[in-house]
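Chemist: Next input, structure requested:
(chains A, B, C, D, E and F)
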There are 6 protein chains.
Amino acid sequence: MVQEARLMALDLGPEADLDADMRAYFAKCREKLGFVPNVLKAYAFDNAKLKAFIAMADDLMLGDSGLSKLEREMIAVAVSCVNHCHYCLTAHGAAVRQRATDPEMGELIAQNYRVAALPLRQKAMLDFAVRLTEAPDRIEEADRATLRRAGFSDRDIWDIAAIAAFYNMSNRLAAAADIKPNREYHYMVRERTAGVAPALVGAEGPASTRRAGEAASAAAANARGVMDLFGDGAVATWVL
Amino acid sequence: MVQEARLMALDLGPEADLDADMRAYFAKCREKLGFVPNVLKAYAFDNAKLKAFIAMADDLMLGDSGLSKLEREMIAVAVSCVNHCHYCLTAHGAAVRQRATDPEMGELIAQNYRVAALPLRQKAMLDFAVRLTEAPDRIEEADRATLRRAGFSDRDIWDIAAIAAFYNMSNRLAAAADIKPNREYHYMVRERTAGVAPALVGAEGPASTRRAGEAASAAAANARGVMDLFGDGAVATWVL
Amino acid sequence: MVQEARLMALDLGPEADLDADMRAYFAKCREKLGFVPNVLKAYAFDNAKLKAFIAMADDLMLGDSGLSKLEREMIAVAVSCVNHCHYCLTAHGAAVRQRATDPEMGELIAQNYRVAALPLRQKAMLDFAVRLTEAPDRIEEADRATLRRAGFSDRDIWDIAAIAAFYNMSNRLAAAADIKPNREYHYMVRERTAGVAPALVGAEGPASTRRAGEAASAAAANARGVMDLFGDGAVATWVL
Amino acid sequence: MVQEARLMALDLGPEADLDADMRAYFAKCREKLGFVPNVLKAYAFDNAKLKAFIAMADDLMLGDSGLSKLEREMIAVAVSCVNHCHYCLTAHGAAVRQRATDPEMGELIAQNYRVAALPLRQKAMLDFAVRLTEAPDRIEEADRATLRRAGFSDRDIWDIAAIAAFYNMSNRLAAAADIKPNREYHYMVRERTAGVAPALVGAEGPASTRRAGEAASAAAANARGVMDLFGDGAVATWVL
Amino acid sequence: MVQEARLMALDLGPEADLDADMRAYFAKCREKLGFVPNVLKAYAFDNAKLKAFIAMADDLMLGDSGLSKLEREMIAVAVSCVNHCHYCLTAHGAAVRQRATDPEMGELIAQNYRVAALPLRQKAMLDFAVRLTEAPDRIEEADRATLRRAGFSDRDIWDIAAIAAFYNMSNRLAAAADIKPNREYHYMVRERTAGVAPALVGAEGPASTRRAGEAASAAAANARGVMDLFGDGAVATWVL
Amino acid sequence: MVQEARLMALDLGPEADLDADMRAYFAKCREKLGFVPNVLKAYAFDNAKLKAFIAMADDLMLGDSGLSKLEREMIAVAVSCVNHCHYCLTAHGAAVRQRATDPEMGELIAQNYRVAALPLRQKAMLDFAVRLTEAPDRIEEADRATLRRAGFSDRDIWDIAAIAAFYNMSNRLAAAADIKPNREYHYMVRERTAGVAPALVGAEGPASTRRAGEAASAAAANARGVMDLFGDGAVATWVL
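Modeler: Next up, the predicted model:
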């Protein structure tokens, strides 16, 4: 097995005395997910840093948005593909597989989203996220206009940008510290599903259809016994 | 004047009802800095997002660290130079000029830190920050080892990485939304100083000397009547 | 499900009248692997082209060489990672998982081999393969010398180069024609193994240990019921 | 003279016992071309590898195709220009000069095909080949559509891709092993021709005109006493 | 203070015996500008080289042209931004601030001209200059056509190209020799102006308006007491 | 024939009234070289621009320098290879063939100097020129130190830089205006020489040997009746 036992390449000392919120958050992770994501363990040497990171990630990935949760994970994975981030591709690849209830989905986005048969909306969304990743200084009004034509509001554009930007941050932190993903991610949602996630088949369908499709997927996921810790507003987590 | 009047290229609606902390924070900015940094105004459409952003930025730029505050601003500027971020080069260029009490310093780092006569420590620090910006997937143990040889602890390496990563995020958000810097930044700390900041002259000096030098700089800055809102632990801000 | 039903984006007409060798080869694929790899179906419009492709691929991946079969697959995957080739990452990712009897191995190499704890030999091998992929015009004698120092003979260097070069070809053919990988690859060798492949743990071990390790892996693979069609010299195939 | 006497930078041992086909092939090269191309001599340490390479190259460059033989050589040269491959630019530069009966043609394509006054068809063909070389992961349906609009069938697109892909392979093998081109290539087809190759003048002409033009060129080549070993179906070679 | 006292990193010996023209030129610089630009001092080891450099620079930046002098400085700065040239960004940044009578202008172009609200004409001009800087081999007729549509004559296109090309030269000379800019540049035209330069507000205005605007700016500059040595045809200089 | 009849893609109007010096210069070109280089014809619309360009080019390529004239042409060609400049590769490729009295030399440097068996001195020289071309902002003291270790004086380093910088300018001007090289260049110095230029065989020989070798080459060139217009100090030209 190539992956090493240690959490990361930096020795940051022992875990800090976490406050009650953070302890509860870790407990919830263990209960719902079965483990605490290693990126959180990496941050645990400092309660304030951990808290700030979780606050931002939870807001972006689980807060109110015109983007579905699957779409947000797709952005995370497409950005991480450009940056070749082992941690994020592993953790968020699992999340895309889970959100889409499609084991092939995470692979496809993690390898090259351009060969996926995506709805125009999601194609435009990922094109923007990748362009922002590769050449932020080239973004011009035309790029925002393309997103608006694809049906995104200005508020949606902010969210696409904020999520793509966030993973440009976390990819780099994971790379610099060489944070290892929890091994469990590799094995999540790897079984072949009977059908096809409706959200993605109707590639040109309206957003309402897409949302419905994703809801159906989520139901299917639960039906299949896949862990689902995303519905809990209190201390929800993402499989970062 | 080329710069436009509007705050940014996205219409995110009116400012949210900010909570007491955020209102106090904005008030402090106006009092100490004379204005609220536009990136915060851009975030003000949503109290939770604003709060998460400030929490992370304040922790990184003003919290406890083995890096001096000038060094942290240097990282912000060197990363923003790679990404050609108008907002961050303007705001953090001002911050470097102020922290170094040297009007030429911000220009130099903002244009090309490689031609600056930096101490080896700071050269290694910026080399790592830029490499992490340009090619996060190429970071290997040898890169961390170079930082350790330059005198950085693992905890310092985390901070260098976290700050470089954070500006890779904020550069992209500023680019995507085309956030305009407050015009005041252009005019801050533009007068020629009599002497030379000791922190940077003794290029190979030990960290203690460097810190002392920076302290002297800060004193000089105050003596010269430059605004200084950085010493206030309660709701300190950075000129982000 | 994002992936489309059609084999590829080009309509090349019906399958050619394959000769006896090619028909036997396809039959062997179906018997041993359960399906004919789509890249071969893509080539099947022309018997001569199919035959030439198979002859070269079989020679490189299964013929006599100082490189183990796992190492050859690792080269295929590392090159395909640079080129973001969905087809090859999927098919050869499965092959690395199988050859290493380690489900995490394919992921790791497919995402970023630099964060894998590889033996120096394999690190040098993949560094060369990736450099040859990204900048063939920069190869100089120093690059060959590095491989020799890592224990490779000139004959081995030829093989590393020939395999890296071959996947630079097949990646581009798959990209141009948008050849879809067989869906089965996604689900192969996804179950967590009890132990750790010895070949990779003893990172600095001699080649003999490494080979032994790989042999043990292959035995384990068979024991676990994983399909193994690699031992058959007559019309052996690779999961291209 | 800068070029060294040795064939390449790798010592692969003596020439293998070549089988009758390969011996006949080498004899034909010596008879028609005056020498055995060095890339074949490089491969001659192993009869199977040599045979597989020749089979693929002959099929691509001399087999049935909607692309003229000149066009195939143009692809080889344009790809080799991106990869700065000394071997292929020298050998296939000679081939373009010969096929076009125009000594300036090889230079132009080898230096920068974008400044050549090419027919739209050939411009589209080389744009695709170069894009596939530089960024295979960016190929999308729009790229194939552009080729179709330029008059290419799906079968032609396969051939363009397969040839471009093949030279991405052989460029890298030549680079890795530093294979030296036969010195004779430098001196082939260097005399100024009286007229202008009709194939390229009628830049927008239909394919039939273009083919006729090229046939005329070939005739002119023979008339001028230029070696022509391309008309022999049995063991034809390309000046690889 | 980071910047070093020495002129550059190369020791080229003492200043040559300059001829009368060059001595007069240096005297004029001291009189009008207050100092001799360091790039000229760097060249002063050889009278012929100095003279050739000044002849070309003066012709391009001050000679007759369809481009305003501000526009020429904008090209210099946009090119220098791509090349991260400390010398040229400092000296020509000052020149843009002065020509535009707008202290924010130089910053904006030096950091990222794409976020400036430029007239279409100037946007097209800088797009071409930057493309020519980054990828000269990609220039095609379409690029020239875009400039013509933006209102430029072929003679103007030559000037845009010649100026962009010249700064690709001088950026590289400054980088190779590490020529330090005169410190005075940092402090020129740093005071906030009352109004807005009309040349740039009427972003879509006709060239005549633009020129008038620039004339007004120049007048304002003089009124504000900014040094102006550009009106003197005899031995005019640019703040290179 | 692909190359077009027109001089360039820009219509700059008729040739200017050239002054006596320029008329004499053109006459000398016609007498010695058989034609006026097209880059000079392109510049001839303006006497001052033509004169400035010739002054700089003649000084760099023919003036006093520690670099041999062959070495200067090698820099021109290596830089033009990076920029894929058809004009300069054709004209200066001919110059390298002529200066080295080796028809293979120009090809080799024009295609990829890294595969040439160059003396360390010339390898270091071209490495620096190419690095300065590709990434001027990355030049650091270590790059200059490498040149000094290879035997170059600071004055030589200036010349290497100035020549590399000059061709970064002229490559871009040729690209922007699409200046066509005179067709004659293609056919110059294409015949195989009997021997081998001693300058390049003794790859590690001292500078004195190298110079002697080049002198011998020049003698051989004259003996072979190759045009030589370089010995004339009055209005010498280069085959630009």
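
Chemist: Helix or strand with the lowest mean pLDDT in chain A?
Modeler: helix A:198-201 (a mean of 36; mean pLDDT, DSSP states H and E).

Chemist: who's in contact with stretch A:130-148?
Modeler: A:78-79, A:82-83, A:113, A:124-125, A:127-128, A:154, A:156-157, A:160-161, A:164-165, A:168, B:9-10, B:83-85, B:171-172, B:175-176, B:178, E:112, E:114 (CB atoms under 8 Å, 6 or more residues apart in numbering or on different chains). Every C-beta, even on glycine, is put in place using the N, C-alpha and C of the backbone.

Chemist: Buried residues in whichever helix or strand A:Glu31 is part of, which are they?
Modeler: Assessed by DSSP states H and E, A:Glu31 sits inside helix A:20-32. Of the residues in helix A:20-32, A:22, A:25-26, A:28-29, A:32 count as buried by neighbour count, 16 or more other CB atoms under 10 Å in any protein chain shown.

Chemist: which helices and strands sit right next to the helix or strand that comes right after that helix?
Modeler: Towards the C-terminus, the helix or strand next in line after helix A:20-32, according to DSSP H and E, is helix A:38-43. The helices and strands touching helix A:38-43, judged by 3 or more CB pairs under 8 Å, 6 or more residues apart in numbering or on different chains; DSSP states H and E, are helix A:20-32, helix A:47-62, helix A:86-99, helix A:154-177.

Chemist: change it to 6 Å
Modeler: helix A:47-62 (3 or more CB pairs under 6 Å, 6 or more residues apart in numbering or on different chains; DSSP states H and E).

Chemist: The helix it packs on packs against which elements?
Modeler: helix A:38-43, helix A:154-177, helix B:47-62.

Chemist: what does the average pLDDT come to for it?
Modeler: Mean pLDDT, computed over helix A:47-62, is 98.

Chemist: So what touches it?
Modeler: A:16, A:18-19, A:22, A:43-44, A:72, A:162-163, A:166, A:236, A:238, B:48-49, B:52, B:55-56, B:59 (CB atoms under 6 Å, 6 or more residues apart in numbering or on different chains).

Chemist: sorry, back to before: can you say which of the helices and strands packed on helix A:47-62 is packed in most?
Modeler: Among those, helix A:154-177 has the highest mean neighbour count (mean count of other CB atoms under 10 Å in any protein chain shown), at a mean of 25.

Chemist: from the middle of its chain, how far away would that helix be?
Modeler: 10 Å (CA atoms, centre = their mean, to the nearest Å).

Chemist: what's the burial count for A:Arg131?
Modeler: 18 (other CB atoms under 10 Å in any protein chain shown).

Chemist: could the buried residues of helix A:20-32 go into CSV alongside distance to chain D and pLDDT?
Modeler: As requested, the buried residues of helix A:20-32 are exported to CSV (distance: CB to the nearest CB, whole Å; pLDDT from 0 to 100):
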residue, distance to chain D, pLDDT
A:Met22, 40, 98
A:Tyr25, 38, 97
A:Phe26, 38, 97
A:Lys28, 38, 96
A:Cys29, 35, 96
A:Lys32, 36, 93
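
Chemist: ok, now how distant is A:Asp154 from A:Ala129?
Modeler: To A:Ala129, A:Asp154 is 16 Å away according to CB to CB, to the nearest Å.

Chemist: quick one, what contacts the closest residue to chain D within chain A?
Modeler: Of all residues in chain A, A:Asn112 sits closest to chain D, at 5.3 Å by CB to the nearest CB. A:Asn112 sits next to C:84, C:86, D:137 when contact means CB under 6 Å, 6+ apart.

Chemist: okay, the nearest residue to it once chain neighbours are set aside: pLDDT?
Modeler: Spatial nearest neighbour of A:Asn112, chain neighbours left out: C:His84 (4.2 Å); criterion: CB to CB, 6 or more residues apart in numbering or on different chains. Looking at C:His84, its pLDDT reads 98.

Chemist: what helix or strand is C:His84 on?
Modeler: Counting by DSSP H and E, C:His84 is part of no helix or strand.

Chemist: tell me the phi and psi of it?
Modeler: phi 50, psi 50 (degrees, to the nearest 10).
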